[in-house]
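> From the sequence below, what's the structure:
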Amino acid sequence: MRLGVLVLGFAGLLSALSLVTWRQSRAIEALAELDHLERSLSLAEWERTELLRRIQGLASGPRISSFAQEHLGMHHPEASEMVLLPGGAP
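Coordinates of the predicted model:
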């Protein structure tokens with residue numbers, strides 16, 4: 001009888017230790033996945049910031065004016081080239 005209880009207790013202890021080991025390995029896997037996701041998010045935020053900076057540079061007035069002059073043959077009008085239309089802004 002004592003041997004059976006001892007064997008049963010030992011089996012219970014091994015089961016508990018196995019469960020703890022399994023839970024810890026799952027926690028380590030979850031933490032690794034979380035770290036991977038945080039790195040991906042950080043990279044995506046950096047890329048977004050860089051794209052916004054690039055958009056601001058491309059949309060700047062001096063760049064657009066330079067592009068229009070070089071590629072479209074446009075220029076800033078002289079006073080004699082300006083025509084004021086009647087009517088005003090509502």
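> alpha carbons only for contacts and neighbour counts from here, please
Fine.
> For the chain, give me the ranges with low pLDDT.
Residues of the chain meeting the criterion pLDDT under 70: 88-90.
> mind listing the helices for it?
Under the criterion DSSP state H, helices of the chain are mapped to 2-58, 61-72.
> Report the angle between the shortest one and helix 2-58.
So the one you mean is helix 61-72. 60 degrees (axes from the mean of the first three to the mean of the last three Cα atoms, to 10 degrees).
> Would you mark the buried spots in helix 61-72?
Residues of helix 61-72 include none that count as buried (16 or more other Cα atoms under 10 Å).
> neighbouring contacts of that helix?
With contacts defined as Cα atoms under 8 Å, 6 or more residues apart in numbering, helix 61-72 is touched by G57, L58, M74, H75.
> Can you lay out the residues you listed as CSV showing distance to S42 and neighbour count?
Shown next, in CSV, are those (distance: Cα to Cα, whole Å; neighbours: other Cα atoms under 10 Å):
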residue, distance to S42, neighbour count
G57, 23, 13
L58, 24, 12
M74, 42, 12
H75, 43, 11
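> Any idea which residue is closest to the centre of the chain?
A44 (2.3 Å; Cα atoms, centre = their mean).
> any idea how far it lies from E50?
10 Å (Cα to Cα, to the nearest Å).
> S80 too?
For S80, the distance to E50 - Cα to Cα - is 42 Å.
> So for the two, which residue has more residues nearby?
E50 (12 against 6; other Cα atoms under 10 Å).
> Contacts only, for the more buried one.
Listed by Cα under 8 Å, 6+ apart, the contact set of E50 is empty.
> re earlier: nearest to L84, out of the helices of the chain?
Nearest to L84, of all the helices of the chain, is helix 61-72, at 21.6 Å by Cα to Cα.
> Just checking the distance from that closest one to the centre of its chain.
Relative to the centre of its chain, helix 61-72 is centred 32 Å away, using Cα atoms, centre = their mean, to the nearest Å.
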